[in-house]
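Engineer: I would like to see how this sequence folds:
(chains A and B)
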Number of protein chains: 2
Amino acid sequence: MDRYLIVSTDGHAGLLPEEYRPYVDPAYRDAFDATVAEEIAARAAREKDFLIQSFNDEWRRNNAGKLAAAWDSDLRLEVIDADGVAAEVLFPDGITERNAPPFGAGLGLKPWGVEPALQWAGARAHNRWIAEFCAQAPLRRIGVAIVPVLYDVDQAVAEVVWAHEHGLKGILIPAVTGEYAPYNHPKYYPVWRECEARGMVVHNHSGPTPEYDFSLPGAMGVFMVEFAWWAARPLWHLIFGGVFEHFPQLKYCLTEVSEFWVPSLLELMDVRASVKHTSGKLGDFRSNLTMKPSEYFDRNCWLGASALFDEGSTAVRKEIGLDNIMWGTDFPHPEGSWPHTREKMVRYMAGIPEDELTRMLSTNAIACYGLEGDADALNALASQIGPEKSLFVAEPAE
Amino acid sequence: MDRYLIVSTDGHAGLLPEEYRPYVDPAYRDAFDATVAEEIAARAAREKDFLIQSFNDEWRRNNAGKLAAAWDSDLRLEVIDADGVAAEVLFPDGITERNAPPFGAGLGLKPWGVEPALQWAGARAHNRWIAEFCAQAPLRRIGVAIVPVLYDVDQAVAEVVWAHEHGLKGILIPAVTGEYAPYNHPKYYPVWRECEARGMVVHNHSGPTPEYDFSLPGAMGVFMVEFAWWAARPLWHLIFGGVFEHFPQLKYCLTEVSEFWVPSLLELMDVRASVKHTSGKLGDFRSNLTMKPSEYFDRNCWLGASALFDEGSTAVRKEIGLDNIMWGTDFPHPEGSWPHTREKMVRYMAGIPEDELTRMLSTNAIACYGLEGDADALNALASQIGPEKSLFVAEPAE
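Structural biologist: Have a look, this model is predicted:
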């Protein structure tokens, strides 16, 4: 084949807030009606603090007519075909963009300022919709269910089962656990067990953080320094908590946290797990591990490498592990590669050997999400829409 | 001179809790009497969760008679003479060890579970004592005042003035700000201005973190991964907040956060301050900076490199900056080098050129703390007690 198969492991899909109504359980529709306008207004207010208005206005103007691909099935296929993408992992949206599940159940998924029952209702509404959306083009869509696992483990297990039975391939859990139990708590074992048994990939995606006061000088710089740490924080809770020891087939994916710093994180975890003199006075934290933290990462974890994938990412790809990186477009966010995906891919990946690119662009994702049965059909599609391999036979541009 | 001058930038000093009574403002002595036993019991309970009892018992048994050097002036001189240390920066204690200021005003200095007025009273009690302790051997003791700056900026400024007028050389501020304003808030400018004007070094020291549930599997591993991040968090608030832009002579020191990961932190801050496409939609966070974050670090910041100083630290000393590292013993903590300071220094620093060692062991600290007037006397002392330079002329041991 003279084209690459592209499985983007970071895409977003979701309805406009008011459109979720039919997917909300009838018991929560009154609450939906009472709050949806307020949630839209709150998100708009937040957007003013958080985003450069002119930048977003221009982005939306330039891409008018295409951004509806967040929920329009036919348009989504047209857009990703043009982008060279054969299949996509689909997360919700909702930190700033307009298509967001109700009751704070979107990508942010914070465990405060919301009723657990309502956040569950919002999550289930999105899950029902994304299952339908994926069923409209099952080869092309790898759906991720929202599972606010903090509040009720039985309900979380039931939702994993439901999601798997409805064709979804993974779950998104809250990255910030607030007052709830962190992910080294054994109470979550039933969730991990169900995910392991069904091959459901557990995800955290950048975005959720504690609150920042963006009116303060440099607050956005502080956010930039910290956002990936907050998103990645469950990783070391799972590793040091022994979760991958108990569930050795469990798959965990960190998406859009940027890659250049991950080798230093792996080193940090390994050093912290091995320091002896300086940690001699502290309690035990190694007896439940049989491997180094970086070895659990290598075996159980993946990076959904999208918006922030650049020369800093490619430089460390072998330190991270060539089998642990899965590229993505982050459609439809302005920080992603769309609508210039080919150019951006070539810019940062030209010169990388074909077998390495193949892994990062598709086969790692096929293995992670268990898509082996779809591989032939995906390759057939890629032979028509994928980016030409010849584009990548060059030195990377500066 | 055939010996090195050692200025340790990490030492701890403090009274046993009950001994602070005479230093507590009379208005708070009833509160002191009502709570001191309870605080001692709470610390003992915490120690059970947090420390390996047998390790600490053995440590205390082996060093019986020497640990009183935390508060006994003559004994302290005897102990550091034997350790080859000419002068020490003196922090409070109190996360786990027994000599801790009252009202949670020790090294932990958390802004929750305590009345601000009481924490201030505890801080002032320690400051009065440490000023006396330093005055008993002013050449040998570089005292740090506790300033819980979060609650009242005017009071903080007054305490900086008091501390400076009483011979102290720096302040310790809370690392974890909780519900209070983070350090990019302009409300703190008067504190930074006063510290800059008086050459008072602002410190954070590892230890303070949010609460962990150490009964959970791997919780201590999570703590180990995170403790330095929590201690260092004020750094990027100060940098991105433009504080070093407004106060270009302000000195900031991070103590006992370990060194091997600092180059990756500097890289992280620089990348986050420079990313353009991916941060294009976000609000402004660069217009208040005229330099790269790592350049502010180089100009305004130091590392108090103590307990965790090892081959990982020496390997990155040039990446961090040879003028930004100041070695320390962490006396009297078991994770520090005492009572085997010479052996530990040689183990990790043999083979490093003399001019580099001189900077890390003394001249950087002399510059940071403004001790130029004491340099001759310190060198005279070191010529008697300092470790022989010949010990370091060798390859580092494995």
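
Engineer: Not counting its neighbours along the chain, what's nearest A:Ile352?
Structural biologist: A:Thr314 (6.4 Å; CB to CB, 6 or more residues apart in numbering or on different chains). Placement of C-beta: from N, CA and C, glycine included.

Engineer: Roughly how far does the one you found sit from B:Arg347?
Structural biologist: 38 Å (CB to CB, to the nearest Å).

Engineer: Which one's more surrounded, these two?
Structural biologist: Neighbours per residue (other CB atoms under 10 Å in any protein chain shown) separate A:Thr314 from B:Arg347, with A:Thr314 holding more: 22 against 15.

Engineer: mind listing what's buried in the helix or strand encompassing the more buried one?
Structural biologist: Assigned by DSSP states H and E, A:Thr314 belongs to helix A:311-315. Judged by neighbour count (16 or more other CB atoms under 10 Å in any protein chain shown), helix A:311-315 contains these buried residues: A:Gly312, A:Ser313, A:Thr314.

Engineer: quick one on the thing from earlier: you'd agree the residue nearest to A:Ile352 is up against A:Tyr348?
Structural biologist: Yes. If you go by CB atoms under 8 Å, A:Thr314 and A:Tyr348 touch, sitting 5.8 Å apart.

Engineer: Can you give me the distance of the residue nearest to A:Ile352 to B:Cys195?
Structural biologist: The gap separating A:Thr314 from B:Cys195 is 43 Å, by CB to CB.

Engineer: With A:His246 instead?
Structural biologist: 50 Å.

Engineer: Counting neighbours, go ahead and name the busier of these two.
Structural biologist: More crowded of A:His246 and B:Cys195, by other CB under 10 Å: B:Cys195, with 26 against 15.

Engineer: so who does the more buried one touch?
Structural biologist: B:Val160, B:Ile171, B:Val201, B:Val202, B:Phe247, B:Leu250, B:Lys251 (CB atoms under 8 Å, 6 or more residues apart in numbering or on different chains).

Engineer: can you do 6 Å?
Structural biologist: B:Val160, B:Val202 (CB atoms under 6 Å, 6 or more residues apart in numbering or on different chains).

Engineer: now do A:Val144
Structural biologist: Contact analysis of A:Val144 by CB under 6 Å, 6+ apart lists A:Phe91, A:Gly170, A:Leu172, A:His203.

Engineer: The nearest residue to it once chain neighbours are set aside - how many residues pack around it?
Structural biologist: Excluding the flanking residues, the one nearest A:Val144 by CB to CB, 6+ apart is A:Gly170, at 4.7 Å. A total of 29 residues lie near A:Gly170 under the criterion other CB under 10 Å.

Engineer: so A:Gly170 makes contact with A:Val201?
Structural biologist: Yes. The pair A:Gly170 / A:Val201 is scored as a contact, 3.6 Å apart, by CB atoms under 6 Å.

Engineer: Enumerate the residues of the stretch 1-150 of chain A near chain B.
Structural biologist: A:Leu51, A:Phe55, A:Asn56 (CB under 6 Å from any CB of the partner chain).

Engineer: Most neighbours among those, which one is it?
Structural biologist: Neighbour max across the residues of the stretch 1-150 of chain A next to chain B (other CB under 10 Å) = A:Leu51, 19 neighbours.

Engineer: what pLDDT does it get?
Structural biologist: Model confidence at A:Leu51, given as pLDDT, is 73.

Engineer: host element of the spatially closest residue to A:Val316 that is not a sequence neighbour?
Structural biologist: Leaving out its chain neighbours, the residue that sits closest to A:Val316 by CB to CB, 6+ apart is A:Pro263, at 5.1 Å. Assigned by DSSP H and E, A:Pro263 belongs to helix A:262-274.

Engineer: who touches that helix?
Structural biologist: Outside helix A:262-274, the residues touching it (CB under 6 Å, 6+ apart) are A:Trp236, A:Lys292, A:Pro293, A:Ser294, A:Phe297, A:Val316, A:Glu319, A:Ile320, B:Met224, B:Val225, B:Trp261, B:Ser264.

Engineer: Check stretch A:32-41 too.
Structural biologist: A:Pro17, A:Glu18, A:Arg21, A:Val24, A:Pro102.

Engineer: repeat that with 8 Å
Structural biologist: Counting by CB under 8 Å, 6+ apart, residues outside stretch A:32-41 touching it are A:Pro17, A:Glu18, A:Tyr20, A:Arg21, A:Val24, A:Arg98, A:Ala100, A:Pro102, A:Phe103, A:Gly104, A:Ala121.

Engineer: which stretches of chain A form strands?
Structural biologist: Assigned by DSSP state E, chain A shows strands spanning A:7-12, A:87-91, A:141-146, A:170-172, A:201-205, A:252-255, A:301-305, A:325-327.
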